[in-house]
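S.K.: Compute the structure for the input listed below.
(one chain, ligands or ions: 3)
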Amino acid sequence: MEYLEWRHVFKLDPAKEISDEALEKICESGTDVILVGGTDDITLDGVLDLLVRVRRFEVPIALEISTIDSVTPGYDYYFIPTVLNSDDPKWIKNLHHEAIKEYGDIMVWDELVAEGYCILNPHSKAAEVTNAKTDLSLDDIVAYARLAENFFKLPVFYIEYSGTYGDISVVSAVKQELKNTRLFYGGGVTSAKQAAEMAKYADTVVVGNIIYDDLKAALATVKAVKNTI
Ligand SMILES: CC(C)=CCC/C(C)=C/CC/C(C)=C/CC/C(C)=C/CC/C(C)=C/CC/C(C)=C/CC/C(C)=C/COP(=O)(O)OP(=O)(O)O
Ligand SMILES: O=P(O)(O)OC[C@@H](O)CO
Ligand SMILES: [Mg+2]
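M.R.: Ligands and ions are numbered 1, 2, ... in the order given. Sure, this is the predicted structure:
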């Protein structure tokens, strides 16, 4: 699977505006994939608009499903979050059960990649919506990583600090635990320096909000990640 090789990901939010010029720079930046996803106001129109516009470029495009109503065919991959540190079964497996009950017969399972999320910024939209329990010790977080890899056999464990730069010692400790499951890091990467720092430990670094705040800084993260071994 191609995603096993991804080092750098740009996450585009279908609820946010992006100009054609900025989109072209993002798509031709050398990033490994465009991941389309967000928490609030995700509509089918927004998801389709980005699909059509990104398809003009060679970069692969994946959809991170946050609502079942905004899923459309045509993406290269579908990433399915399950929030391991949510206290609400809705975000862990109930929505998934509903979706599979309705669409299970037509799903192409090889296109689906399950992601075990551990959301650590209490002020992020994703934490609020999913009622994530964020006051976790390092032992708690490492236990979620072990649960993801050894119990649920998830292909991806995602340390999510959406909106704020995370704790490098957490990312480093989790990386030491994982052998088969890929470690995604996302949250608050706003400079090449931070991107390189996270890339030392995370297999894949996800860059989101800075695309909309400072395009030049966002573009600089690509090389920083790619040049980090
Ligand atoms: C060909 C074809 C149509 C195939 C697809 C078939 C199909 C229907 C597959 C569905 C399979 C399936 C099991 C789906 C699950 C459905 C579902 C709705 C699951 C719930 C997902 C979930 C837990 C969402 C919660 C929110 C969340 C964790 C989103 C992930 C992205 C994220 C954390 C974004 C960060 O948020 P952001 O908005 O950037 O935050 P800030 O505002 O703070 O910046
Ligand atoms: O938007 P930022 O804070 O860069 O986070 C990226 C991504 O992890 C969000 O799901
Ligand atoms: Mg965002």
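S.K.: rest of the way, CA atoms for contacts and neighbours
M.R.: Fine.
S.K.: Now the residue of the chain most remote from its centre, what are its backbone angles?
M.R.: For the chain, the residue at maximal distance from the C-alpha centroid (CA atoms, centre = their mean) is residue 105, at 26.2 Å. Main-chain dihedrals, residue 105, degrees, to the nearest 10: phi -70, psi -30.
S.K.: State the pLDDT value of it.
M.R.: On pLDDT, residue 105 comes in at 94.
S.K.: Kindly report the same for residue 86.
M.R.: For residue 86, the pLDDT comes out at 98.
S.K.: My read is that it contacts residue 92, right?
M.R.: Yes. Between residue 86 and residue 92 there is a contact under CA atoms under 8 Å: 6.9 Å.
S.K.: Residue 35 - how many residues pack around it?
M.R.: Using other CA atoms under 10 Å, the number of residues around residue 35 comes to 23.
S.K.: and this structure, which of its residues are near ligand 2?
M.R.: 160, 162, 163, 164, 186, 187, 188, 189, 206, 207, 208, 209 (CA under 6 Å from any ligand atom).
S.K.: so where do the helices sit in the protein?
M.R.: Ranges of helices in the chain, per DSSP state H, are 20-27, 44-54, 89, 95-103, 125-130, 138-146, 168-177, 192-199, 210-213, 215-226.
S.K.: Dump those into JSON lines; add mean neighbour count and distance to residue 3 as well.
M.R.: Formatted as JSON lines, the helices of the chain follow (neighbours: other CA atoms under 10 Å; distance: least, CA to CA, whole Å):
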{"stretch": "helix 20-27", "mean neighbour count": "16", "distance to residue 3": "17"}
{"stretch": "helix 44-54", "mean neighbour count": "17", "distance to residue 3": "18"}
{"stretch": "helix 89", "mean neighbour count": "13", "distance to residue 3": "27"}
{"stretch": "helix 95-103", "mean neighbour count": "13", "distance to residue 3": "21"}
{"stretch": "helix 125-130", "mean neighbour count": "18", "distance to residue 3": "23"}
{"stretch": "helix 138-146", "mean neighbour count": "18", "distance to residue 3": "19"}
{"stretch": "helix 168-177", "mean neighbour count": "16", "distance to residue 3": "17"}
{"stretch": "helix 192-199", "mean neighbour count": "21", "distance to residue 3": "16"}
{"stretch": "helix 210-213", "mean neighbour count": "17", "distance to residue 3": "21"}
{"stretch": "helix 215-226", "mean neighbour count": "20", "distance to residue 3": "15"}
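S.K.: what is residue 184 paired to in the beta sheet?
M.R.: Beta-bridge pairing for residue 184 (DSSP bridges): residue 158, residue 204.
S.K.: Great, nothing more from me.
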